[in-house]
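[1] I'll drop the sequence and a predicted model, then ask my questions.
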Amino acid sequence: MTLRRALTILCLAAIVAMSIGVRLMQVVFVDREPLARALDGFYDRQWPQYPHFLADLREHTKPGDTIAVVVPAMGWDDGYSYAYYRASYFLTGREVLPLVTPDNRRLPQNFLAAKYIAVFGVRLRVPADVIWQGDQGALLRLRR
Amino acid sequence: MTATLVAILSLTVLGIPIALSVDRSSRGPMIIGTSFLYGSGTMFLVLLTLSLAHIRWTLISVSVSALAIFCAAAVIARRRPATGNRQRPARPHVFDLLTIVTIAGYSLFATLVPLWEWDFWAIWGLKAKVFLETGAIDWRFLQSHWNTFLHPDYPLLVPLNFDFVALAGGWNDRWLGLLFVAWGMALLFIIRAMAAREMTPFYASLLTLGLAGIAVSTNIGLAEGALIAFSSAGVLFVRTGLLDDDAASWRNGALMLGFAANCKNEGMALLVAVTLAMLAVSWSRVLTVSQENHTARPRNRATARLLRLWPAYALAAPWLVLRATRALATDIAGGSALVRLMARLPHAHLILGYLAAKLYKPWFWVALLAGILIAPAAARRREAFVLLVTAIQLVFFAGAYFVTPHDIHWHVLTSWARLTGQITVPITFVVFLMLANSLRGGEDAPHDEATRPAVPARSDQ
């Protein structure tokens, strides 16, 4: 066996060994419950109840409504981006307006323009009618 | 789950006459793989066309359109002359069982819980869900300046496939994962059939087993799964077209690349990379021939090959026109990309060093590089097309980091592994093939003999 042939076999073996989906094969044979728990709600771990809150909001709003979301963390990278994107997904058909930009500038015009203010995990002291109240938050309509 | 499986089966059935009209001799694993991919790509075109025609998506409007395409493709397929069988039957091997176990594991993983990826519910799934409720592409939603986070300029093949599945059985975050299994399996069927043409069952099944770990995207819910399937199949079909001068492979390659361009912007970049690599290979090869016998005309040869890619450009064009006319926001090219490039060029060594440090599975790439160096020179020349495509794509990817408006470290950390994953399949295929065939040919065998395709070339055009 020449050196080149030996290197070729070694290289082939390395390519196959490092590309085989060992972890995917393992999924078939192991208890998948811990993996499912880790994946399910991975991005919701900061506020596990938030998706349920959004699902309730969907029940109490109509397509075409504009909604702004207020959450405990109003910094973009502190949790507001998550809250805004997640709300956009759960509330499709409605228009979710952000209250903060990615560089953390406030957008008060959206607060005033939104038909509803969805408040999660905080209390808001503004003149507003409570449209719906849940354990984790409420849907408000500002008095104008 | 049943509704999603029925939707996937429907896409496969829709794709059968299309696959046959592209290659009448297709059969076995090849036709299963190409049929699903053509069904998936065609369904994207159906929903896009209905939306542009202001016809609301319903199960009936979509089914009638798909049935019309099915019938038209069946007529074309029947009229296309049989070209004889160019495909070697893919004889099963014990390694195929391990590939099946890998796919089973992937299926369980992809459907374990509702799709969890951030980019699914902030980009791909969000668009699909909005469009489903509108019954069409919601341009107002894409154009809203509050929605630039969802990358409005990204092509829509994947969201519209989600919509077809949802039309068939309602929106279900969990079982949409089966679509990713279907895209991955389709690519593996194609790879298995292609490998069987050029390798012994042992090597073909071993290669497919290895690729089963990288041809399926673990970013479930993102466009990577579809992009890897269409782009890898496209590059490998064009490779076959170049090597065998096989018209059916050219058609398959061009169509797959066109659909890849409708999965992600990287698919558009791939089309450019394929064009450049093909021109480079055509010119260098024919120039060599022309110097020897003074007969070949490189310009004509390169132009003829370029023309064979026209279906890819035709499929890519509509979205490019739509996103330009609808003024959909784009981030990479937004602002002053040139200023960012000039500012970062002096730090090129740092950026490239960071990319090297953050390379996913670095030893795998080292093994591939070693394989390229160890392989016989003739085999390297033969596979120059795929090697060039991969190199050009890497340059494009690195270039994107030089002009990104985002923080480079964040951008690299969140995308580099996915990007390199997109280009792994074709390069692994050819490196493995070069090495396996050099072993099979024996050390004294001429390299061009050792690397010649097992089945004679044929052109049916």
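    In hand now; what should we look at? Numbers count the residues shown, from 1 in each chain, chains lettered A, B, ... in the order given.

[2] Quote the end-to-end distance of stretch A:123-135.
    12 Å (C-alpha to C-alpha, to the nearest Å).

[3] One more: stretch A:76-84?
    First-to-last distance for stretch A:76-84 - C-alpha to C-alpha - comes to 9 Å.

[4] got the buried residues for that stretch?
    A:W76, A:G79, A:Y80, A:S81, A:Y82, A:A83, A:Y84 (16 or more other C-beta atoms under 10 Å in any protein chain shown). For every residue, glycine as well, the C-beta is placed using N, CA and C.

[5] Kindly provide the distance from the second one to chain B.
    Taking C-beta to the nearest C-beta, to the nearest Å as the measure, A:G79 falls 13 Å from chain B.

[6] How about the fifth one?
    The span separating A:Y82 from chain B equals 8 Å under the rule C-beta to the nearest C-beta.

[7] okay, that residue: pLDDT?
    pLDDT for A:Y82: 92.

[8] what about the nearest residue to A:Y43 once chain neighbours are set aside, how many neighbours?
    Distances taken as C-beta to C-beta, 6 or more residues apart in numbering or on different chains place B:W118 nearest to A:Y43, at 5.6 Å, with adjacent residues excluded. Using other C-beta atoms under 10 Å in any protein chain shown, B:W118 is surrounded by 16 other residues.

[9] With B:L50 instead?
    B:L50 has 21 nearby residues by other C-beta under 10 Å.

[10] give the contact list for it.
    B:R56, B:W57, B:S61, B:V62, B:S65, B:A136 (C-beta atoms under 8 Å, 6 or more residues apart in numbering or on different chains).

[11] Okay, and the third one sits in which element?
    Pointing back at B:S61 there. For B:S61, the element it lies in under DSSP states H and E is helix B:59-79.

[12] Surely B:L37 touches B:I228?
    No: here B:L37 lies out of contact with B:I228, judged by C-beta atoms under 8 Å, at a distance of 11.4 Å.

[13] Count the residues that sit near the nearest residue to B:P426 once chain neighbours are set aside.
    Sequence neighbours aside, B:V235 is the residue nearest to B:P426 in space, at 4.3 Å (criterion: C-beta to C-beta, 6+ apart). B:V235 has 28 neighbours, counted by other C-beta under 10 Å.

[14] Contact partners for B:V235?
    Neighbours of B:V235 in contact, by C-beta under 8 Å, 6+ apart: B:G253, B:L257, B:L270, B:V274, B:V386, B:V389, B:P426.

[15] Can you pull the residues of the stretch 201-350 of chain B lying near chain A?
    By C-beta under 8 Å from any C-beta of the partner chain, the part of the stretch 201-350 of chain B that sits against chain A consists of B:L206, B:L207, B:L209, B:G210, B:L211, B:A212, B:G213, B:I214, B:V216.

[16] Against A:R86, how distant is the residue nearest to A:D135 when sequence neighbours are not counted?
    Leaving aside its sequence neighbours, A:D135 sits nearest to A:Q49 (C-beta to C-beta, 6+ apart; 7.5 Å). Using C-beta to C-beta, to the nearest Å, A:Q49 is found at 12 Å from A:R86.

[17] out of those two, which sits in the more crowded spot?
    A:R86 (24 against 14).

[18] element containing that one?
    Assigned by DSSP H and E, A:R86 falls in helix A:80-90.

[19] remind me, longest helix of chain A?
    helix A:3-19 (DSSP state H).

[20] And the next helix or strand past that helix?
    helix A:22-29.

[21] residues of that next one that come out buried?
    Using 16+ other C-beta under 10 Å as the burial criterion, the residues of helix A:22-29 that qualify are A:L24, A:M25, A:V27, A:V28.

[22] with those residues in mind, which one is nearest to B:L439?
    A:M25 (26.0 Å; C-beta to C-beta).

[23] what about that closest one, distance to B:F141?
    From A:M25 to B:F141 the distance is 41 Å (C-beta to C-beta).

[24] Check B:D153 too.
    Taking C-beta to C-beta, one finds B:D153 at 14 Å from B:F141.
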